[in-house]
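Asks: Provided below for reference: sequence and predicted model.
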Amino acid sequence: MANLGRGVTDLKLTPSDIPLAGDDLARFETSFEHTKEVWGELLEENGNRLQKGNLSLHWMNTEGSAWNKSRVKPSSRGLTLMDINRPDVYGTVPKIAPHRKFASRGSIRDQYLNRMPDVSDYTIMDRDEVWADNVETLYEEAVARQWKATTDVPWDEYEDIVKLPEDIRLASAQVATFLTEVEFVAADMPAKWLYHIPQDFLEVKMFMVTQMMDEARHQEVFRKRAIIGGGLLHASPGFEWALKVILEAPNHTMGSFMLNLLAEGMVLTIFRSGEMIAPTQLDKEIFRLTLQDEARHVSYGVMQVKNYLDKHPDRAAATEELHRFADIAEQVMLTTLTEPTVIEPLAVLLGGGIKYAETKGLDGVAKLWDMLISEYLQRCDRVGLDRHARCTLPRTAPWAA
Ligand SMILES: [Fe+2]
Ligand SMILES: [Fe+2]
């Protein structure tokens, strides 16, 4: 015990005569040197106690907690987030996060606030920038419905792909290539905002992590599909501009609108047409599995943007701002819908071969286009953003107009 105590109390920052790796390390050193008064004091107190062999046991004092007052029970599905959130003390999500600490909502924390560090990266203090009323159920569903790209897809049927006519094989590989290019932005975008969200909105953070895991699996499954089917084909420069808008949206709600409601919504519509697009049973299974994940991401986006507008103190101004963002987002999105690497392989697959791509194939893509736009407008309606008059996306495909 004595050795441990001395070790803890003797703990020092890196001596300054060691060469620094760069400015960032210097800043880090200065900042923790600067706050040493607080953390050094805690270290000293605890070290001294341990050196004497004493216990604190203050953590056994339940005053100020809901200890034994708020017993929860599992429901028929097990012990869900909804079950543990039933008592107000645990389930009430504050409108404004009360602080920027790591401490859990519902724990005994107030008396320690002045000795805990502020996490300056926690900047989204308003719940309604990120909250959605279905976020707990979506998290539970996400965890329950995880699948494995390695074994849940019937890869042993891969010869069905290898035997496809060359044009169909190329088209399906190009669709898979295009999907590998887009899937990961749906993880990058929540990742960008996740660490700005304070701990009091933990359910949102947890849901975002499931979305990232889902997108990692989508990246995995489409990459595997492309490579086993012959190889990866062409990148789509037009689409990358749409991805850039998603990542650079000025706030989380706008990013969520562009990613979950517009882009993922369109991917969802395409996956739902998987039955017609997929040339093999193996491909149909991939679309079926990814579809259920995308449905959750879209559902979060719809409920989150709706909640943002419903709760906004100046709804008219918030709506107009979102319209202004959507004006750009839709136009940039059009770069995707016009990319040959996207439209043409779909036309080959829907037409049943290159021979019918310009006839039956483009007709099929035009129908898909109608569906993409009308379902997007329906989602906008659901959040209370009427884009019917203002939508900058053509309602019908250019060749069908
Ligand atoms: Fe995805
Ligand atoms: Fe997604």
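Replies: Arrived safely, thanks for sending. Ligands and ions are numbered 1, 2, ... in the order given.

Asks: which residues touch stretch 276-286?
Replies: Defining contact as Cβ atoms under 8 Å, 6 or more residues apart in numbering, one finds that stretch 276-286 is touched by 152-155, 157-158, 160-161, 164, 168-169, 172, 175, 221-222, 225, 270, 274-275, 287, 346, 349-350, 364. (C-beta placed from N, C-alpha, C; glycine too.)

Asks: list only buried entries from those residues.
Replies: The neighbour count (16 or more other Cβ atoms under 10 Å) marks 153, 158, 161, 164, 168-169, 172, 175, 221-222, 225, 270, 274, 287, 346, 349-350, 364 as buried among those.

Asks: pull the number of nearby residues for the closest residue to ligand 1 within the chain.
Replies: Per Cβ to the ion, residue 218 is where the chain lies closest to ligand 1, at 3.7 Å. Residues contacting residue 218 under the criterion other Cβ atoms under 10 Å number 25.

Asks: could you pull out the helices for the stretch 201-350 of the chain?
Replies: 202-228, 237-248, 252-256, 264-272, 274-277, 281-311, 315-337, 340-351 (DSSP state H, counting those that start in this stretch).

Asks: quick one: contacts of the last one?
Replies: Okay, so that is helix 340-351. Residues from elsewhere that reach helix 340-351, judged by Cβ under 8 Å, 6+ apart: 167-168, 170-172, 174-175, 177-178, 233-236, 239, 270, 276-279, 336-337, 354, 357-365, 368.

Asks: quick one, it and helix 315-337 angle?
Replies: Angle of helix 340-351 versus helix 315-337, following axes from the mean of the first three to the mean of the last three Cα atoms, to 10 degrees, is 70 degrees.

Asks: which is the next helix or strand following helix 340-351?
Replies: For helix 340-351, the following helix or strand on the C-terminal side (DSSP states H and E) is helix 362-383.

Asks: what mean pLDDT does that next one get?
Replies: Mean per-residue pLDDT for helix 362-383: 96.

Asks: now do the SS call for the closest residue to ligand 2 within the stretch 51-200 of the chain.
Replies: Closest to ligand 2 within the stretch 51-200 of the chain is residue 186: 4.1 Å, counting by Cβ to the ion. Under the three-state scheme (DSSP: H, G, I helix; E, B strand; the rest coil), residue 186 adopts helix.

Asks: same deal with the one 3 residues further on?
Replies: The assignment at residue 189 comes out as helix when based on three-state DSSP.

Asks: show me what contacts the residue of the stretch 51-200 of the chain closest to ligand 2?
Replies: 211, 215, 218, 259, 263, 264, 297.

Asks: for those, give me TSV that also has distance to residue 125.
Replies: Formatted as TSV, the contacts of residue 186 follow (distance: Cβ to Cβ, whole Å):
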residue	distance to residue 125
211	22
215	27
218	32
259	22
263	27
264	26
297	24
